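In: Need the 3D shape of this:
(2 chains)
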Amino acid sequence: MTNDECKKAVLDIIADIAPDEDLTNVKPDVRLRDQLQLDSMDFLDIVMELRKRHGVEVPEADYGQLASLDSCAAYLTPKFNAVAAKG
Amino acid sequence: MNSAAQYDVAIIGAGLSGLAAGIRLAHFGRKVCIFERHNAVGGLNGFYSHGGRKFDVGLHAVTNFVPPGTKGTPLGKILRQLRIEREEFALCPQNGSRVAFGPAGAAQLRFTNDFAVLEGEVVRQFPGEIDGFRRIARHVRESPLGGGPAGSARTFLRGHLRDPLLEDMLLCPLMFYGSAREDDMDLGQFAIMFRALYLEGFARPLGGVRVMMRVLLEKYREAGGERRMKCGVRRIIAHDGRAEALVLDSGEEVRATQVLSSAGAAETAALMGEPAAPARTLGYVETIAVLDRQPAALGWGQDTIVFFNDSERFTYRNPDNQVDLRSGIICFPNNFQYGPGRELGEGFFRVTCLADYGSWAGLPPARYQADKRDWFPRIQASAERFLPPLPEPGALERATIATDMFTPTTVERYTGHYRGAIYGAPAKHPDGRTALANLFLCGTDQGMLGIVGAMLSGISIANQHLLQPAGAAA
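Out: Next up, the predicted model:
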């Protein structure tokens, strides 16, 4: 998985948990919280969906890594690839 | 090991808060089961069948209605967290409501889902108060959705308003729709309710509260949640400061890692074998008349809800008498904007007044029925003072094809809430904690009230205590 695919996977999840948000112009380098109405519970949902859909676990200590799309990609892409490698 | 059923979370009560919590937990993969003593879901916001018709118990109107696309509101939060599409609740906005005070309702404040209407009413009728009113609205807008600081709403209002009539008129709907406290409101709860009724507004699905219930049940089922009806919890067995098992009415024992109770704080304590004297709570009676025509056809206009009070001051207290006729709520479920060609097939005229549980409870059945028959026309007549006059005497009786009435004892019987307390006890438990480390409260005694509040209560307690990573071992 590439960084861009990873960002798309995250955006797909956000689109499902926050269907009322317009995601067409989300800036990858800006905190998601600063451009979308997402609270800490919404991030809990994102973490849950990552686990359910992709088998990717995000420990609580790492929640901060999900701040922006760029940081999501940097943190999650290796995890996606590790899951894929395990098959 | 015995063969007791084992769940991650057991939820007591299939009302709105229990169902909302259940959906959250099931989404997160928890093995969850809701135990409900009654044969129907809904609790304080349920519905029932009587004479072949379905009646809503609590629902007059869903508060917190905002148009699609409005950001950062309680309704949006619920839809998001429960993965409900807005359209599924099929909410239709109200026509408009009013507060009518004085012996014949001479003082009036109209309000709709457009806050500017209420502002305009204040400008016209309380011109000296508009600056204070706007400061109050600003305070509410700046308060967190959860309500903000505690304190007295009356003290706060007196800091901004000079006319006690306006203070009472603003408080009346907010208290009737969401205060467990007599005479005053908690300031945080005031902010929640001011937002819910005035800044946001009223709506209703054409099919009533059961439309929303069906959506919740469907989401819960799809997410894998279990539900056991006519299956009350009789006892919570505690050991070492933890709820270890639940004993059901059948005697069956069920185990759960965590327990969430919407039964009420004192009611839950009683399940743990610690009965306490029930708190002083507020009860209501409601009369329901089914009409052979729309209420407008009786000359009653298009009002959705009318909050009335005939006395100089508005008294929000447990009455000394069976019913307090001085004030109340008129609800016309017909008067929402259901869209062209869509209306309720029959008319409904509902009137709600404060009632004293103590003087209804324990009456011999014949006396109880006689008292209901006695109060029914008096409650309606009290409300009619605040409606346009009927075309001719007896028109209401002639248009009435069925009636029903509930009292605080009816509510107690079907919901198990002591004294039929619609809004729970005055002392709230905002963090949902109890004496047991793995037992939490949601619902009226947690503190969020009304239909939207109940769902938020279940969601927030589930999020806060049952879904945080520390508790996510499952």
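
In: Which secondary structure element of chain A has the lowest mean pLDDT?
Out: Lowest by mean pLDDT, DSSP states H and E among the helices and strands of chain A is helix A:40-54, with a mean of 89.

In: now that one, how far from the centre of its chain.
Out: From the chain centre to the centre of helix A:40-54 is a distance of 8 Å (C-alpha atoms, centre = their mean, to the nearest Å).

In: tell me the angle of whichever helix or strand comes after that helix relative to helix A:40-54?
Out: For helix A:40-54, the following helix or strand on the C-terminal side (DSSP states H and E) is helix A:69-86. Per axes from the mean of the first three to the mean of the last three C-alpha atoms, to 10 degrees, the angle that helix A:69-86 makes with helix A:40-54 is 30 degrees.

In: which residues touch helix A:69-86?
Out: A:1-4, A:6-7, A:9-11, A:26-29, A:32, A:50, A:54-58, A:62, A:65-66 (C-beta atoms under 8 Å, 6 or more residues apart in numbering or on different chains). Backbone N, C-alpha and C define where each C-beta goes, glycine included.

In: again, 6 Å this time
Out: A:1, A:3, A:6-7, A:10, A:28-29, A:55-56, A:65-66 (C-beta atoms under 6 Å, 6 or more residues apart in numbering or on different chains).

In: Please apply the same query to stretch B:243-263.
Out: Under C-beta under 6 Å, 6+ apart, the answer for stretch B:243-263 is B:4-13, B:15, B:17-18, B:21, B:231-237, B:268, B:436, B:438-443, B:466.

In: Any of those residues buried? List them.
Out: Buried members of those, counted by 16 or more other C-beta atoms under 10 Å in any protein chain shown: B:5, B:7-13, B:15, B:17-18, B:21, B:231-233, B:235-236, B:268, B:436, B:438-443, B:466.

In: Output stretch B:401-408 as PDB, nothing but the C-alphas.
Out: C-alpha atoms of stretch B:401-408 as PDB (Å, rounded to 0.1, in the frame of the first residue of the first chain):
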ATOM      1  CA  ILE B 401     -63.800   9.200  19.300                       C
ATOM      2  CA  ALA B 402     -61.500   7.700  21.900                       C
ATOM      3  CA  THR B 403     -59.600   8.800  25.000                       C
ATOM      4  CA  ASP B 404     -56.800   7.700  27.200                       C
ATOM      5  CA  MET B 405     -55.100   9.100  30.200                       C
ATOM      6  CA  PHE B 406     -52.000   8.200  32.100                       C
ATOM      7  CA  THR B 407     -50.800   9.100  35.600                       C
ATOM      8  CA  PRO B 408     -47.500   8.800  37.400                       C
END
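
In: same question for it, mean pLDDT?
Out: The pLDDT scores in stretch B:401-408 average 96.

In: quick check, distance from that stretch to the centre of its chain.
Out: 18 Å.

In: now stretch B:296-314
Out: So, by C-alpha atoms, centre = their mean, the centroid of stretch B:296-314 is 20 Å from its chain's centroid.

In: With stretch B:360-378 instead?
Out: Stretch B:360-378 has its C-alpha centroid displaced from the chain centroid by 24 Å (C-alpha atoms, centre = their mean).

In: before we move on, what about stretch B:216-230?
Out: Distance of stretch B:216-230 from the chain centroid (C-alpha atoms, centre = their mean) equals 22 Å.

In: Kindly report the same for stretch B:126-133.
Out: How far stretch B:126-133 lies from its chain's middle: 30 Å, per C-alpha atoms, centre = their mean.

In: which parts of that stretch are buried?
Out: Those would be B:126, B:129, B:132-133, for stretch B:126-133 by 16+ other C-beta under 10 Å.

In: Likewise for stretch B:304-321?
Out: B:304-310, B:314, B:316, B:318-319.

In: Same check on stretch B:209-223?
Out: Residues of stretch B:209-223 classed as buried: B:209-210, B:212-213, B:215-217, B:219-220, B:223 (neighbour count, 16+ other C-beta under 10 Å).

In: Which single residue of chain A ends up nearest chain B?
Out: A:Glu60 (3.8 Å; C-beta to the nearest C-beta).

In: For my notes, please list the buried residues of stretch B:304-321 in JSON lines and give distance to B:Arg154, pLDDT and secondary structure for each entry.
Out: Conversion of the buried residues of stretch B:304-321 to JSON lines gives the following (distance: C-beta to C-beta, whole Å; pLDDT from 0 to 100; DSSP: H, G, I helix; E, B strand; the rest coil):
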{"residue": "B:Thr304", "distance to B:Arg154": "27", "pLDDT": "98", "secondary structure": "coil"}
{"residue": "B:Ile305", "distance to B:Arg154": "23", "pLDDT": "98", "secondary structure": "strand"}
{"residue": "B:Val306", "distance to B:Arg154": "23", "pLDDT": "98", "secondary structure": "strand"}
{"residue": "B:Phe307", "distance to B:Arg154": "17", "pLDDT": "98", "secondary structure": "strand"}
{"residue": "B:Phe308", "distance to B:Arg154": "20", "pLDDT": "98", "secondary structure": "strand"}
{"residue": "B:Asn309", "distance to B:Arg154": "16", "pLDDT": "98", "secondary structure": "strand"}
{"residue": "B:Asp310", "distance to B:Arg154": "21", "pLDDT": "98", "secondary structure": "coil"}
{"residue": "B:Phe314", "distance to B:Arg154": "11", "pLDDT": "98", "secondary structure": "coil"}
{"residue": "B:Tyr316", "distance to B:Arg154": "11", "pLDDT": "97", "secondary structure": "coil"}
{"residue": "B:Asn318", "distance to B:Arg154": "18", "pLDDT": "96", "secondary structure": "coil"}
{"residue": "B:Pro319", "distance to B:Arg154": "20", "pLDDT": "97", "secondary structure": "coil"}
